[in-house]
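Novice: dropping the sequence and predicted coords here.
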Amino acid sequence: MAATYTPCQPQVFHQSESNRRSSSVGGCVSLNFAAAQQVSSALTIDESTNAVYASDESGTLTMRQGRTEKWRVNLGLSPQDKVLSLVLGRAGELYAAGSRNQSGFLVKLAGDGTVVASVPTSRPARALAVDAAGAVWLAGDSFLSKLDEQLRPVFNVDPQGSVASLAIDRKGAVYAAIAGNNAVTGKLDGRTQTWMWRTEIGAVAPRGIALDEDGSV
């Protein structure tokens with residue numbers, strides 16, 4: 001499937017430090033948009049450049065370095081649009097996924113905030129990850145998909161629930177936190193497209209999942 005869907009006509013603004021500020025609120029980044037304060041719905045950090053990428057509840061995405069905002073882009077078409085996951089690619093590109101009413105979207109942005117490509121999803125997209133080969137893993141309500149670097153689908157897997165978060169280890173195995181009748185974490189073999197294991201973890205699936213250097217979840 002070609003990347004033909006454009007969720008909005010994005011406008012990128014470059015602003016000075018005096019117009020915007022950033023502070024830590026309850027573990028999230030709070031962004032002051034003029035007089036109104038918005039709390040981030042997704043956040044990711046580029047440790048090599050100390051760049052912080054955050055989206056607010058209105059679908060606005062910003063990139064900051066230190067106290068200075070470098071750019072801002074609006075990905076939302078309506079008040080219901082929300083970015084739910086952000087992840088950086090291998091070459092500094094940024095991927096954003098989210099919900100649009102009962103459907104969803106995936107957007108790829110260049111390092112300067114320019115929208116490069118976008119694709120629709122039939123259900124809300126809630127989780128993103130990029131593997132060592134540059135493939136994009138996108139998941140959400142009842143779907144888990146692998147896309148190539150051009151955002152073309154490679155295959156789909158039924159997660160048997162709503163995927164809340166994703167992580168990928170050095171060998172390409174995909175770990176997912178999945179909400180359903182019972183929340184589970186699972187390990188998917190990306191080569192065979194089969195679950196290596198699935199473990200119940202309680203009633204609520206975590207919004208974040210990560211691996212340590214030993215590969216423990």
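Specialist: Structure received.

Novice: going by C-alpha atoms from here, please, whenever you check contacts or count neighbours.
Specialist: OK.

Novice: what's across from the closest residue to T121 other than its chain neighbours in the sheet?
Specialist: Of all residues not flanking T121 in the chain, G104 sits nearest, at 4.8 Å (CA to CA, 6 or more residues apart in numbering). When assigned by DSSP bridges, G104 has beta-bridge partners S99, T121.

Novice: in this protein, what helix or strand scores lowest on average pLDDT?
Specialist: When each helix and strand of the chain is scored by mean pLDDT, DSSP states H and E, strand 22-25 comes last, with a mean of 28.

Novice: could you measure from the most centrally placed residue in the chain over to G140?
Specialist: By CA atoms, centre = their mean, the chain has its centre lying nearest to S85, at 2.4 Å. As judged by CA to CA, to the nearest Å, S85 and G140 stand 10 Å apart.

Novice: got any ranges where this protein has weak pLDDT?
Specialist: Low-confidence segments of the chain (pLDDT under 70): 1-39.

Novice: could I get the full set of helices for the protein?
Specialist: Shown for the chain, no helices are assigned by DSSP state H.

Novice: list the contacts of the residue nearest to P79 when sequence neighbours are not counted.
Specialist: Take P79 and drop its neighbours on the chain: the residue closest to it by CA to CA, 6+ apart is S58, 6.0 Å away. Counting by CA atoms under 8 Å, 6 or more residues apart in numbering, S58 touches G76, P79, Q80, D81, K82.

Novice: nearest to G172, out of those: which one, please.
Specialist: Nearest to G172 among these, counting by CA to CA, is K82 at 28.6 Å.

Novice: surely the closest one and G76 touch.
Specialist: Yes: here K82 lies in contact with G76, judged by CA atoms under 8 Å, at a distance of 6.9 Å.

Novice: so what sits against both of these two?
Specialist: In contact with both K82 and G76: S58, G59, using CA under 8 Å, 6+ apart.

Novice: quick one, which of the two is more surrounded?
Specialist: Neighbour count, other CA atoms under 10 Å: between K82 and G76, K82 has more, with 29 against 22.

Novice: please name the bridge partners of that one.
Specialist: Per DSSP bridges, the residues bridged to K82 are S99.

Novice: quick one: it from V163, how far?
Specialist: 16 Å.
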